[in-house]
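S.K.: sharing a model prediction with you, sequence too.
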Amino acid sequence: VPKPPPQTARPAWSPVDRPRKRKAAAAAAPPVDVRPPSDRPLWLILSEPGLADLALRELKARKVVARKARATKLFLRNYDLLVLPDSQIQAKDIVSRLAFQILSAPVFGRGAFNEGQLLRLTAAWKRERADGLVSTIAGNHFQRQDLTRWLAKQLKARGVEADVDGKPERPAWLIAVDQAFYVAFPRFNHHDAPGRSRDEDRVGALPPTVGAAMVFAAKPETGEVIWDPVAGSGALLREAAEMAPGATLIGTDVDAQAIALAGRRLGAHAQLQVADATTVDLDRQDVTLTLANLPWGKRYEAAGGNAALYEALIRNILAHAAAGWRGVFITSDLDALRRATRAVGGLVLEGVAEVKVRGIDAGVWLLRRAG
Ligand SMILES: C[S@@+](CC[C@H](N)C(=O)[O-])C[C@H]1O[C@@H](n2cnc3c(N)ncnc32)[C@H](O)[C@@H]1O
């Protein structure tokens with residue numbers, strides 16, 4: 001019988017900078033004790049921090065996950081993790097625009113690996129032709145290096161090689177949260193979603209899955225006229241093109257280089273122009289939805305303060321808006337957005353999600369006219 005992996009009291013890292021309620025939820029023990037009678041895998045759905053609920057809703061809407069399914073939600077430092085039994089996965093072709101990774105975990109347990117789990121892992125390793133292990137360990141039950149080295153040794157003793165230090169081409173994922181562990185194999189990567197590419201992102205661009213969450217939260221209908229006033233390289237409009245097919249897409253930005261990139265990315269899908277969104281006249285009043293990654297953070301902080309910029313933006317957005325208009329905005333500067341909304345008046349601001357974008361806390365907000 002193999003020795004259990006060594007345990008230390010020191011966490012490899014701790015989820016320090018997460019809001020309190022997230023930490024409390026992370027502390028809840030994940031239900032991995034009971035192996036489903038049919039020996040089926042668990043499914044792991046990873047999303048950017050803060051997007052787990054929206055990602056689950058999207059997967060239900062796509063009928064990938066059963067409508068009534070309830071997932072266990074865990075919070076890692078860089079991801080939210082949903083754990084679902086195989087019985088709740090309905091689709092063979094897994095596609096999502098909000099999930100970062102979707103993995104199938106044939107091996108999972110609690111506390112320490114037993115012989116059965118190691119044999120199962122060896123068989124899965126061969127079947128999947130995995131060549132290495134990437135790992136995320138949360139909590140203080142497992143110590144990352146000790147556990148991965150121990151696992152590699154166990155695999156080697158059973159005839160398979162596992163690279164734990166390099167950048168494997170076909171990695172298996174080891175995820176442990178407190179005592180619970182999962183070894184999983186990739187089934188979907190966010191780069192695989194239609195219209196995505198690995199090389200289009202520019203510095204400051206919104207991660208595509210966050211953009212997708214904003215579009216999803218807007219519940220787009222047919223015939224939308226969508227304006228991104230600060231379109232940058234067009235990350236948000238690209239998601240809108242996929243999730244609201246047939247919509248009219250309009251993008252403006254003061255940065256000519258960014259608009260050129262957006263043009264390459266969106267082709268004939270969008271009407272793009274280099275313009276100041278606070279003053280531009282689009283010669284239309286039929287915009288039904290505004291999507292915007294507002295300028296925020298060190299790189300994009302507005303010279304006269306974000307509140308003044310947001311107010312001017314919202315005024316010009318409303319000057320182009322149809323009845324029933326709504327806007328979905330992301331910013332880390334909630335104070336500026338609140339002040340701008342109040343100054344304009346007659347608007348209601350609702351929270352959609354608290355997310356982390358490259359380590360910075362930001363909020364997705366829905367804005368609409370009151371009444
Ligand atoms: C946070 S970034 C948005 C990045 C963008 N979503 C992307 O995917 O690349 C803010 C963008 O707002 C633009 N911007 C700032 N002030 C503007 C204004 N008054 N009118 C139009 N664009 C503006 C900047 O040029 C920048 O591209």
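M.R.: Sure, I can see it.
S.K.: shouldn't Arg368 be within a helix?
M.R.: No: using DSSP: H, G, I helix; E, B strand; the rest coil, the assignment for Arg368 is strand, not a helix.
S.K.: can you tell me how far the nearest residue to it once chain neighbours are set aside is from the ligand?
M.R.: Take Arg368 and drop its neighbours on the chain: the residue closest to it by Cβ to Cβ, 6 or more residues apart in numbering is Arg326, 4.4 Å away. The C-beta positions use only the backbone N, C-alpha and C, and glycine is treated the same way. When distance is defined by Cβ to the nearest ligand atom, to the nearest Å, Arg326 is 18 Å away from the ligand.
S.K.: mind checking the SS state of Arg326?
M.R.: strand.
S.K.: just grab the bridge partners of it for me.
M.R.: Beta-bridge partners for Arg326, by DSSP bridges, are Leu289, Arg368.
S.K.: quick one, what contacts it?
M.R.: By Cβ atoms under 8 Å, 6 or more residues apart in numbering, Arg326 lies in contact with 218, 288-290, 366-368.
S.K.: low pLDDT regions in the chain?
M.R.: 1-38, 198-204, 297-302 (pLDDT under 70).
S.K.: got the residues of the stretch 151-300 of the chain near the ligand?
M.R.: Counting by Cβ under 6 Å from any ligand atom, the stretch 151-300 of the chain comes close to the ligand at 202, 204-206, 229-230, 232-233, 235-236, 252-255, 258, 276-278, 293, 295, 300.
S.K.: was I right to think Ala162 contacts Trp150?
M.R.: No: with contact defined as Cβ atoms under 8 Å, Ala162 does not reach Trp150; the gap is 10.9 Å.
S.K.: which of the two has more residues huddled nearby?
M.R.: Ala162 (22 against 19; other Cβ atoms under 10 Å).
S.K.: check the gap between the residue nearest to the spatial centre of the chain and the ligand for me.
M.R.: Per Cα atoms, centre = their mean, the C-alpha nearest to the average position across the chain is that of Glu48, at 3.1 Å. Note on Glu48: its distance to the ligand, by Cβ to the nearest ligand atom, is 15 Å.
S.K.: tell me the contacts of that residue?
M.R.: Contacts of Glu48 by Cβ under 8 Å, 6+ apart are 79-80, 100, 207, 209-210, 213, 355-357.
S.K.: do the same with Phe100
M.R.: Contacts of Phe100 by Cβ under 8 Å, 6+ apart are 46-48, 79, 190, 209.
S.K.: with Ala205 instead?
M.R.: 232-233, 235.
S.K.: make sure Leu155 is indeed in a strand.
M.R.: No: counting by three-state DSSP, Leu155 is located in no strand; its state is helix.
S.K.: what about it, how many neighbours?
M.R.: With other Cβ under 10 Å as criterion, Leu155 counts 20.
S.K.: how close does it sit to Phe108?
M.R.: 16 Å (Cβ to Cβ, to the nearest Å).
S.K.: same question, Val230
M.R.: 43 Å.
S.K.: likewise Thr136?
M.R.: From Thr136 to Phe108 the distance is 14 Å (Cβ to Cβ).
S.K.: ok, the two, which is more surrounded?
M.R.: Phe108 (22 against 19).
S.K.: out of the contacts of Phe100, who's nearest the ligand?
M.R.: Distances from the ligand to the contacts of Phe100, taken as Cβ to the nearest ligand atom, are shortest for Thr209 (12.9 Å).
S.K.: so that closest one touches Gln101, yeah?
M.R.: No: using Cβ under 8 Å, Thr209 is not in contact with Gln101, being 9.9 Å away.
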